[in-house]
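>>> What follows is a protein structure lacking sequence information:
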């Protein structure tokens, strides 16, 4: 019986820390929505470091590759990743502009794919929601593209901030449910 009580206490403690993290994520999301330009620049720096790190991993993998052709391709990919990463880090404003364009392009592709999926699944109930999602996604893409490059100031930062906000809310609700179940 002591192990069940101990396990319940461990779960309660983990859920409490999860609630704290959730509140911090919600706060960060709200702050990010308030200053989307700074959030976008921070995201650009994070992407820059991720590209640099990925480039380093490709260099490391090149040593494990078999054959000169595989090594050459890995090094070429590493140089590309590193160059993009260093570009984003050294020019975060221009990098944010490029990320905004990439985001808009992604949203156009996603919207088109939602329409295709809705067409394929049209006999099924609920497939209209895919059309609705596709319309909203394309409208967001048009909003970003029509104002580009000026939309770079708000687009990436707002999307990142909203994602953080909703992730925090979702995590908070899940954590509160775990606390309620184990109480």
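Happy to help now that I have it. Just so it is clear, the model here is predicted, and its values are computed rather than measured.
>>> Which helix runs longest in this protein?
The helix that spans the most residues within the chain, counting by DSSP state H, is helix 2-34.
>>> Break down the chain into its helices, ranges please.
According to DSSP H, the helices that the chain contains are 2-34, 36-64, 68-90, 92-120, 128-146, 155-182.
>>> Nearest residue to the residue nearest the centre of the chain in space, please, no chain neighbours.
In the chain, the residue lying closest to the centroid (C-alpha atoms, centre = their mean) is residue 160, at 6.6 Å. Among residues not flanking residue 160 along the chain, residue 43 sits closest, at 4.9 Å (C-beta to C-beta, 6 or more residues apart in numbering). Any C-beta I mention is one placed from the backbone N, CA and C, and that applies to glycine too.
>>> The one you found contacts residue 95, doesn't it?
No. Using C-beta atoms under 8 Å, residue 43 makes no contact with residue 95, being 9.6 Å away.
>>> more neighbours, these two?
residue 95 (25 against 22; other C-beta atoms under 10 Å).
>>> Provide a list of residues in contact with that one.
When contacts are counted by C-beta atoms under 8 Å, 6 or more residues apart in numbering, residue 95 touches 44, 47-48, 87-89.
>>> Likewise for residue 71?
Contacts of residue 71 (C-beta under 8 Å, 6+ apart): 62-63, 65.
>>> What of residue 39?
Per C-beta under 8 Å, 6+ apart, neighbours of residue 39: 31-33, 156-158, 160-161.
>>> Determine which two of these are furthest apart.
Farthest pair in the contacts of residue 39 (C-beta to C-beta) is 31 and 156. Separation: 15.3 Å.
>>> Just want to know which of the two has more residues nearby.
Per other C-beta under 10 Å, whichever of residue 31 and residue 156 has more neighbours is residue 156, with 27 against 14.
>>> That one contacts residue 46, doesn't it?
No. Counting by C-beta under 8 Å, residue 156 stays clear of residue 46, with 10.8 Å between them.
>>> Please point out which parts of the longest helix of the chain sit buried.
15, 18-19, 22, 25-26, 28-29, 32-33 (16 or more other C-beta atoms under 10 Å).
>>> Residue 98 - nearest residue in space that isn't next to it in sequence?
Per C-beta to C-beta, 6+ apart, closest to residue 98 is residue 88, 7.9 Å.
>>> ok, residue 53 - contacts?
residue 85.
>>> if we can go back for a sec, please pick the buried ones from the contacts of residue 71.
Counted by 16+ other C-beta under 10 Å, the contacts of residue 71 give residue 62 as buried.
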